[in-house]
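[1] Build me a model:
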Amino acid sequence: MEIFEAISKRYSHKEGFLPDPVPLEDLERIAQAGITAPSGVNRQSVRLIILPDRTALDPVCASSPAIGLETAPAAISVITDNTVTPDGQINFEKEDYAAAVQNMLLAATALGYSSLWLDSPYFDPAKEKQTRAVLSIPDNYRLWATIPIGKPNGEGSRREKLPFKERVSYGKFGGDTAAFRQ
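    Alright, predicted model coming up:
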């Protein structure tokens, strides 16, 4: 699938997934897309945990239940290493994880899967701590998200996007294209 098609087809799949397994090779391709994402000062803080089946996923669901994760046949958890940022320097973990997740969502779409950026369970420090324990994540790592991956069980709902002209300006905020069209 061409990149612009994957971008336009990607949506947050919040409905159920089919139980069909996701081949490990596809999960690895999606993970590769994640770790290939840009990273602040090339610190490469992102680490991934592939959860290839329900045996690996069920304990995560028990510690932090979330719509979309309960029926997914596979997932990838995204963590960052906070020791890669030297003291007194700007920390880019949030940007690094966000870029990795976006790449993985697009890669999943390009491979014919649906997915969801699922970080809200970890806004609760107790759920993050419990899930970190389930996944044996060391203390110097932060758990940001778990991305369910699978074939959708149905079409899935998509939210409307605001029109291009309402979100894009030219030359200055509110500027139109007149000065830039020839």
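
[2] average pLDDT for the helix or strand in which Glu166 is found?
    Assigned by DSSP states H and E, Glu166 belongs to helix 164-167. Averaged across helix 164-167, pLDDT comes to 88.

[3] Kindly report the same for stretch 83-92.
    Averaged over stretch 83-92, pLDDT sits at 87.

[4] which residues touch it?
    39-41, 43-45, 82, 93, 140 (Cβ atoms under 8 Å, 6 or more residues apart in numbering). The C-beta positions use only the backbone N, C-alpha and C, and glycine is treated the same way.

[5] As JSON lines, these with neighbour count and distance to Ala74 would be great.
    As requested, these are arranged in JSON lines below (neighbours: other Cβ atoms under 10 Å; distance: Cβ to Cβ, whole Å):
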{"residue": "Ser39", "neighbour count": "20", "distance to Ala74": "24"}
{"residue": "Gly40", "neighbour count": "18", "distance to Ala74": "28"}
{"residue": "Val41", "neighbour count": "14", "distance to Ala74": "32"}
{"residue": "Arg43", "neighbour count": "18", "distance to Ala74": "28"}
{"residue": "Gln44", "neighbour count": "16", "distance to Ala74": "24"}
{"residue": "Ser45", "neighbour count": "24", "distance to Ala74": "23"}
{"residue": "Asn82", "neighbour count": "13", "distance to Ala74": "27"}
{"residue": "Glu93", "neighbour count": "21", "distance to Ala74": "24"}
{"residue": "Asn140", "neighbour count": "11", "distance to Ala74": "26"}
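
[6] so after the host helix or strand of Ala126, what's the next helix or strand?
    When elements are defined using DSSP H and E, Ala126 is found to belong to helix 125-134. Counting by DSSP H and E, the element after helix 125-134 in chain order, helix or strand, is strand 141-150.

[7] Tell me the helices and strands packed up against that next one.
    Counting by 3 or more Cβ pairs under 8 Å, 6 or more residues apart in numbering; DSSP states H and E, the packing neighbours recorded for strand 141-150 are strand 74-81, helix 93-110, strand 114-115, helix 125-134.

[8] same thing but 10 Å
    helix 24-35, strand 46-51, helix 54-63, strand 74-81, helix 93-110, strand 114-115, helix 125-134 (3 or more Cβ pairs under 10 Å, 6 or more residues apart in numbering; DSSP states H and E).

[9] Report the angle between the second one and strand 74-81.
    Looking back up the chat, that one is strand 46-51. Interaxial angle, strand 46-51 versus strand 74-81 (axes from the mean of the first three to the mean of the last three Cα atoms, to 10 degrees): 150 degrees.
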